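In: Here is my input, please return the structure:
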Amino acid sequence: MKYTDKNFFMEDFHVEKLDNFIERAAGKRKLDIVAMIDGDEGFGKTGLSIISCYYLSQKTGREFSLDNIFFDPEEFITFINSTRKQIIIWDEAALGGLASGWASKIQQLLIQTLMTCRSRQHIIFFNCPKFYRLNQYFVGDRAWGLFHVYSRDGLNAGKMTYYKKDTIERMLNLWQTKRLKPYKIYCNKMLRGGFVDAFNTGIIDEDEYEKKKDFYTQKLLTMFKKKQDNKKINVLKYKVAKMKGLETSEKAKEVGVSYETMRRWGLLLEKYPKLLEN
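Out: Presented below is the predicted three-dimensional model:
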């Protein structure tokens, strides 16, 4: 079908699923929607989420702009907890350069928020590389649907397929038990089609989007580096405190800190059990 406001094409099943989201979020039970969009980098996750959110905005009267797209977890969480009935995109694109452990901690923050925000009736799109690598809570408990973007030739973007909630659970089980990528196995031809490049529609300015993503990518990388630097300093403190041949008071005097400070350095491994792990 043609979506007349911006005159761009949307598949009938795409519109149908978004309308289902609206119905659920507008119901008397005051429920929210968390939908996932996954796929390899460059194949259109952000574009599909923008197209979807724009449609939802036009149908519901809820606002949608670049301000509704988040990379920074603190801003995302604050926005969710301080508003109601918003259309929101969480875009994991900014996490690509981070270590998996740090990214997992961010996911834990998001989980804590999603566990308490159902009654706010938000519609949230969660963009990620592979849905089955997310925390179980996102996939098994909160995801209402999954749009998977892909490319037929490995070069051109703009293809997608949709999976409903019960199918996602079977797909996750297949990955967990047999380590098989489940997309083709559970693909429904009736829920497969194309989508347009959102940045060609004028909904969101691509340059402004990239600036916002780059800003938060650098911010997150800086936070990660600072955390790593702090760990190195704590390792050094601990090793100094555990040096043999000198009493605690002597080591404190040589380093120029108090006896109590040196004693605390010696207890750092108790406070951070993984301190000496690489």
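In: okay, CA-based contacts and neighbour counts for the rest of this
Out: Noted.
In: Can you give me the buried ones in the longest helix along the chain?
Out: Taking DSSP state H as the criterion, the chain has its longest helix at helix 206-241. The neighbour-count check on helix 206-241 (16 or more other CA atoms under 10 Å) flags 209, 212-213, 216-217, 220-221, 224, 231, 234-235, 237-238, 240-241 as buried.
In: And for stretch 106-119?
Out: Residues of stretch 106-119 classed as buried under the neighbour-count rule (16+ other CA under 10 Å) are 107, 110-111, 113-114, 117-118.
In: And the strands in the stretch 1-150 of the chain?
Out: 2-3, 8-9, 33-38, 69-70, 87-91, 123-128, 143-150 (DSSP state E, counting those that start in this stretch).
In: Export the ones you listed as TSV, with columns for mean neighbour count and distance to Asp19.
Out: Shown next, in TSV, are these (neighbours: other CA atoms under 10 Å; distance: least, CA to CA, whole Å):
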stretch	mean neighbour count	distance to Asp19
strand 2-3	12	14
strand 8-9	15	16
strand 33-38	24	12
strand 69-70	22	21
strand 87-91	24	14
strand 123-128	24	12
strand 143-150	24	13
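In: Out of the ones you listed, which is closest to Asn200?
Out: Closest to Asn200 of the strands of the stretch 1-150 of the chain is strand 8-9 (CA to CA; 9.5 Å).
In: Return the list of strands paired to the closest one, each annotated with direction.
Out: Here strand 8-9 has these sheet partners by DSSP bridges: strand 2-3 (antiparallel).
In: just to revisit the earlier point, which of the strands of the stretch 1-150 of the chain has the lowest mean pLDDT?
Out: Mean pLDDT across the strands of the stretch 1-150 of the chain is lowest at strand 2-3; the value there is a mean of 66.
In: mind listing what the most centrally placed residue in the chain touches?
Out: Closest residue to the average C-alpha location of the chain: Glu92 at 4.1 Å, with CA atoms, centre = their mean. Contact analysis of Glu92 by CA atoms under 8 Å, 6 or more residues apart in numbering lists 71, 126-129.
In: of those, closest to Glu23?
Out: Of all these, the one with the least separation from Glu23 (CA to CA) is Phe126, at 19.3 Å.
In: pretty sure the closest one is touching Ile89, no?
Out: Yes: counting by CA atoms under 8 Å, Phe126 touches Ile89, with 6.1 Å between them.
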